[in-house]
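In: Just need the structure, nothing else, for what follows:
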Amino acid sequence: MRRARAIDQALVDAAKSLAATRWPLGEAGAAAMYTASGRLLTSVCVDGLSDAVLLCHETGAICEAHKFDDPVTASVCVARDDERSPFVVLPPCGVCCERLAFWGGDVEVAVPAPGGGWEARLLRELLPHFWRGRWPGDA
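Out: Coordinates of the predicted model:
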């Protein structure tokens with residue numbers, strides 16, 4: 001899969017900005033993604049009264065990418081504990097890895113870096129033994 005844009009600080013900052021705007025006080029988080037056409041999509045989690053119906057921060061942007069038929073090429077999720085805490089990059093959970101796998105193992109995802117900050121990894125690096133045996137898009 002051709003990556004239109006790789007993860008960069010602008011993508012991380014877009015997620016942080018949305019989270020801080022949506023939740024100026026307290027716990028906060030958001031996701032941001034680039035697509036093959038160059039779109040920047042952002043989203044936040046869907047809260048609910050039952051944990052079973054909660055959706056990850058990435059879900060809305062993933063749905064938007066499907067709506068536009070525009071493959072996700074890069075994804076980042078950030079969170080903080082409260083307004084006095086710094087934002088940290090979170091790796092995609094297993095469910096979001098499965099959602100992003102629709103576009104293949106070359107989707108770039110942000111993960112926490114040893115010692116702080118973040119680094120980019122390919123989804124296939126996070127899931128080297130993809131359960132389907134072959135990544136979508138691989139020959």
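In: Where does Ala10 sit, in terms of helix or strand?
Out: helix 9-22 (DSSP states H and E).
In: how big is the angle separating whatever helix or strand comes next after that helix from helix 9-22?
Out: The first helix or strand that comes after helix 9-22 along the chain, using DSSP H and E, is strand 28-35. Taking axes from the mean of the first three to the mean of the last three CA atoms, to 10 degrees, one finds strand 28-35 and helix 9-22 inclined to each other by 140 degrees.
In: Spit out the contact partners of Glu27.
Out: 79-82 (CB atoms under 8 Å, 6 or more residues apart in numbering). C-beta: built from backbone N, CA, C; applies to glycine.
In: follow-up on the earlier one: only the buried residues of the helix holding Ala10, if you could.
Out: 11-12, 14-16, 18-20 (16 or more other CB atoms under 10 Å).
In: Quick one: the strands in the protein, in order.
Out: 28-35, 40-43, 72-80, 88-90, 108-112, 118-122 (DSSP state E).
In: Of all these, which one comes closest to Arg132?
Out: Proximity to Arg132 (CB to CB) singles out strand 118-122 among those, at 16.1 Å.
In: Mind listing what's buried along that closest one?
Out: Buried, per 16+ other CB under 10 Å, within strand 118-122: 118, 120, 122.
In: between it and strand 108-112, how big is the angle?
Out: 140 degrees.
In: And strand 118-122, what does it pack against?
Out: strand 108-112 (3 or more CB pairs under 8 Å, 6 or more residues apart in numbering; DSSP states H and E).
In: about what we covered before: out of the contacts of Glu27, which are buried?
Out: 79-80.
In: now the contacts of Glu27 as TSV including pLDDT and distance to Ile7?
Out: TSV is the format used below for the contacts of Glu27 (pLDDT from 0 to 100; distance: CB to CB, whole Å):
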residue	pLDDT	distance to Ile7
Ala79	97	16
Arg80	97	19
Asp81	96	23
Asp82	96	26
